[in-house]
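Engineer: Quick one: sequence and predicted model below, then my questions.
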Amino acid sequence: MKTAGTYKITRQGQITLPAEARDKLELKEGDIVEMYYDGNMVLIKKRKEPVKVFEELAAAAGGRFREKGITRTDVAKEIRAARKGR
């Protein structure tokens, strides 16, 4: 993990994320971040929009399907079979 320096917390409990960190995470004004903490460590992560997460998962699944030779017809057939089984 790369260190981003040392920063002072303001009276209102705020810190400024350094430009390098904002650039690396592609953060811009209005973006939402998630914070996780454990002991004395804090992790800040850019929150992804649910649609973006779905698009990434769909692309990964599509790639795996292509690798294994699974077609849209195969998927549709399995969906019909699963629905009949209910």
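Structural biologist: Cool, the structure landed.

Engineer: Every contact and neighbour count from this point should use C-alpha atoms.
Structural biologist: Fine.

Engineer: how much space between the nearest residue to Lys46 once chain neighbours are set aside and Ala81?
Structural biologist: Counting by C-alpha to C-alpha, 6 or more residues apart in numbering, Lys46 lies nearest to Val33, which is 4.4 Å off, once chain neighbours are set aside. Counting by C-alpha to C-alpha, to the nearest Å, the gap from Val33 to Ala81 is 42 Å.

Engineer: same thing with Asp31?
Structural biologist: 43 Å.

Engineer: Equivalent analysis for Leu43, please.
Structural biologist: 44 Å.

Engineer: Make sure I have this right: Leu17 is in a strand.
Structural biologist: No: read with DSSP: H, G, I helix; E, B strand; the rest coil, Leu17 is coil and lies in no strand.

Engineer: so where does Gln14 fall, helix or strand?
Structural biologist: Of the helices and strands defined by DSSP states H and E, none includes Gln14.

Engineer: any idea of the pLDDT on it?
Structural biologist: pLDDT, Gln14: 92.

Engineer: Phi first, then psi, for the most centrally placed residue in the chain.
Structural biologist: Note on the chain: the residue nearest the mean C-alpha position is Lys48, at 4.7 Å, using C-alpha atoms, centre = their mean. Main-chain torsions, Lys48, degrees, to the nearest 10: phi -90, psi 140.

Engineer: Check Tyr36 too.
Structural biologist: According to degrees, to the nearest 10, the main-chain angles of Tyr36 amount to phi -120, psi 140.

Engineer: Specify the beta-bridge partners of it.
Structural biologist: Beta-bridge partners for Tyr36, by DSSP bridges, are Leu43.

Engineer: Sounds good, over and out.
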